[in-house]
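# the following comprises the amino acid sequence and a computationally predicted model.
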Amino acid sequence: MSKPLHWVHISDTHILPGWRDFTWRELLWFKRWVATAYLLVLRRRRFRYARPRLAAFAEWLRANPPDVLVHTGDFSGLGMRRELARAVELFAPLAAAAGLVRVTPGNHDLYLPEAGPFGATFAAAFAPWLGPAPEQDPADISWPRVDLLEPNLALIMLNSARPNPPFWRSSGGIPAPALAALAERLARPDMRGRLLVLATHFPLPDRRNRRDWHALDDAAALRAILRPYGPGLLLHGHDHRCGRCALPDLSWPVFCAGSLTYAGRSGFWSFRWDGQQATAARGHWAPERGFYLEPPEAVFS
């Protein structure tokens with residue numbers, strides 16, 4: 001029997017920017033003024049331990065090295081260039097503890113149109129961890145990026161984040177060409193018989209994610225593409241509450257990593273797959289014991 005594949009899923013690490021991270025050009029956007037005020041009032045308290053929590057998780061990973069580390073976005077708070085560069089520095093020790101590392105941006109990482117075509121600012125900062133370049137357009141991070149791993153697993157990274165200039169919107173969207181590319185990729189012969197693991201930032205709507213200004217606009221189209229395929233797992237972030245759910249019209253169990261660094265609510269997931277059975281263990285943080293895992297449970301019952 002092949003060695004089980006072990007992967008860890010984290011999300012929404014949200015480092016807090018320092019004053020040196022701001023430039024006058026990036027402050028021209030009114031949305032960033034509003035977001036900075038919100039950060040000072042609420043987010044600073046929620047993510048005040050982000051940096052030491054990341055350092056502690058790097059230690060946990062070194063003690064429990066995964067074959068794959070998946071981060072589903074929102075490395076930053078305001079998506080500024082220096083802020084993203086600092087996020088890379090803080091993420092690098094985590095990446096060094098894993099075999100393969102794959103990331104996708106969150107809405108805070110592609111915060112405003114200044115992120116550039118195809119999320120160029122994020123893509124430049126996180127290039128080592130984006131995965132195989134898509135055949136259609138190597139510069140576009142919207143296309144699905146696929147790793148075929150053993151035993152019989154396909155990891156699919158799909159960007160669902162986009163710039164949202166209105167200050168009240170944090171919704172996501174997947175370009176139509178990316179959805180078409182995903183459908184074509186899932187239909188290929190090399191995907192048959194594999195456990196399909198799709199990781200993206202935004203969740204498919206369930207009872208917790210129904211606000212139009214906060215949800216994934218293309219959820220119905222994505223569900224229609226995934227429905228004929230499986231077995232599969234859907235991993236996401238965006239919602240800062242770690243948990244799992246089932247969608248009535250989709251046979252793919254859904255896992256939300258929540259936020260690794262949210263004060264009082266840190267969470268993540270640890271998975272193992274031996275080619276036949278998948279297990280998932282929810283991770284937590286406690287001051288008296290650091291990061292730890294609950295007992296694993298079968299993913300498919």
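Yes, it's here.

# rest of the way, CA atoms for contacts and neighbours
Noted.

# list the contacts of the residue nearest to the spatial centre of the chain.
Closest to where the C-alpha atoms of the chain average out (Cα atoms, centre = their mean) is T72, at 0.5 Å. With contact set as Cα atoms under 8 Å, 6 or more residues apart in numbering, T72 has these partners: 9-12, 103-106, 199-201, 235-237.

# in TSV, list the residues you listed along with distance to C256, secondary structure and neighbour count.
Formatted as TSV, the contacts of T72 follow (distance: Cα to Cα, whole Å; DSSP: H, G, I helix; E, B strand; the rest coil; neighbours: other Cα atoms under 10 Å):
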residue	distance to C256	secondary structure	neighbour count
H9	9	strand	27
I10	9	strand	27
S11	8	coil	33
D12	11	coil	29
V103	15	strand	26
T104	14	coil	30
P105	15	coil	31
G106	14	coil	32
A199	10	strand	29
T200	10	coil	28
H201	9	coil	29
L235	6	strand	27
H236	5	strand	28
G237	5	coil	27
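
# ok, then the element right after the helix or strand of the chain with the lowest mean pLDDT?
Ranking every helix and strand in the chain by mean pLDDT, DSSP states H and E puts helix 30-38 at the bottom, with a mean of 78. For helix 30-38, the following helix or strand on the C-terminal side (DSSP states H and E) is helix 44-46.

# F291 and W60 touch, don't they?
Yes. Between F291 and W60 there is a contact under Cα atoms under 8 Å: 6.7 Å.

# the two: who's more crowded?
Each of F291 and W60 has its neighbours counted (other Cα atoms under 10 Å); F291 has more, 20 against 16.

# measure stretch 37-53 end to end?
Stretch 37-53 has an end-to-end distance of 24 Å (Cα to Cα, to the nearest Å).

# hmm, back to that, for the least confident helix or strand of the chain, buried residues please.
31-32, 35-36 (16 or more other Cα atoms under 10 Å).

# same question, stretch 131-148
For stretch 131-148, the neighbour count (16+ other Cα under 10 Å) marks 131, 134, 139-146 as buried.

# end to end, how far does stretch 278-297 reach?
9 Å.

# for that stretch, give me every contacting residue.
Counting by Cα under 8 Å, 6+ apart, 56-57, 60, 243, 265-273, 298-300 sit against stretch 278-297.
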